[in-house]
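Novice: sequence first, then the predicted structure:
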Amino acid sequence: MKNILLLATVVLAFASCSKSDDDNNLPSSDYKLSADGLTLVQWTNSTTTTLDMQADNKLQKVNTIGENAFKGHKKLQTITFPDNLKEIGANAFEGASLSGTVTFNTNATVTFGKEAFKSSGIRVVKLPKTAELSNSIFEQCSNLTEVTFSSVKKIGENAFYQTALTEVNLDNTGLTELAGAGFSLCSNLTKITLPTTLQSIGKLSFFGCSKLQTMIINAEKVPTLVDKSAFHSSTPNIYVPSNLVDNYKAANVWNEYKDHIFPKQ
């Protein structure tokens, strides 16, 4: 009798664990995976509002979000990416809502395809490490007010074009290149801090940033300013290391703004 009771207890416990595991998993009809289970090819459930990929036994193994995978998903508000995410494809979240929380493992290193979040409703994001924020990654994300950066070498063309950012801090990110129109038409941007590693600022980088008042450049050498269109429509006060003030004022293109260049405190 004792043996029967023990066996029944074990069976019930196993069934309970299996049920618990199943409860953590979303229906496989909600999505399409690659044959090896590592790429999320398409999210097929258009009614999904909240998605925690890390909590799902299959989705937590995904390391790539395919091109257009969530494109146009107007109801998807909140997403938590799997810890081992390595790549988000082009246009993956273009036009999606994302008005809730977007959560990355900030210790991961992720590659982004162009226009990955273009025209989405994303508001706030803490980014993982990446070599490059791709062209137009957040273009026309008109609700995007805050971005926290980990490490990034290059910000691509139109990366933050026409967003609602108010202040940007790129210090200690390792950024070397800010490509053309990177922050163009960010009409609410008032302050930006650029790192010691900065080497170049592209054309139209701050075009139309009519409220930009303060730019702090911590670069150890005068970075290349491609042309004067970078500050078209308004010129901020530019604060640089005191030992480089004269170098900036004498440098090509920078000399156009010599009355706006000051030693940083």
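Specialist: Yes, it's here.
Novice: quick one: the strands in the stretch 101-250 of the chain, in order.
Specialist: Along the stretch 101-250 of the chain, counting by DSSP state E, counting those that start in this stretch, strands occupy 102-103, 111-112, 124-126, 130-133, 146-148, 152-155, 167-169, 177-178, 191-194, 200-201, 214-217, 224-225, 237-240.
Novice: so what does the second one touch, helix or strand wise?
Specialist: Right, the one you point to is strand 111-112. Secondary-structure packing of strand 111-112 (3 or more Cβ pairs under 8 Å, 6 or more residues apart in numbering; DSSP states H and E): strand 87-88, strand 130-133. Backbone N, C-alpha and C define where each C-beta goes, glycine included.
Novice: burial-wise, tell me which of those comes out on top.
Specialist: Highest mean neighbour count of these: strand 87-88, a mean of 22 (counted as mean count of other Cβ atoms under 10 Å).
Novice: helices or strands up against that one?
Specialist: Other elements packing on strand 87-88 under the criterion 3+ Cβ pairs under 8 Å, 6+ apart are strand 64-65, strand 111-112.
Novice: please convert the ones you listed to JSON lines, extending it with mean neighbour count.
Specialist: Formatted as JSON lines, the helices and strands packed on strand 87-88 follow (neighbours: other Cβ atoms under 10 Å):
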{"stretch": "strand 64-65", "mean neighbour count": "23"}
{"stretch": "strand 111-112", "mean neighbour count": "21"}
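Novice: make CSV out of those strands and add distance to residue 33.
Specialist: CSV is the format used below for those (distance: least, Cβ to Cβ, whole Å):
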stretch, distance to residue 33
strand 64-65, 10
strand 111-112, 19
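Novice: could I get the ones you listed in JSON lines, plus columns for distance to residue 124 and mean pLDDT?
Specialist: As requested, those are exported to JSON lines (distance: least, Cβ to Cβ, whole Å; pLDDT from 0 to 100):
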{"stretch": "strand 64-65", "distance to residue 124": "20", "mean pLDDT": "99"}
{"stretch": "strand 111-112", "distance to residue 124": "17", "mean pLDDT": "99"}
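Novice: on that earlier part again, could I get the helices and strands packed on strand 111-112 as JSON lines with distance to residue 198 and mean pLDDT?
Specialist: JSON lines is the format used below for the helices and strands packed on strand 111-112 (distance: least, Cβ to Cβ, whole Å; pLDDT from 0 to 100):
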{"stretch": "strand 87-88", "distance to residue 198": "25", "mean pLDDT": "99"}
{"stretch": "strand 130-133", "distance to residue 198": "15", "mean pLDDT": "98"}
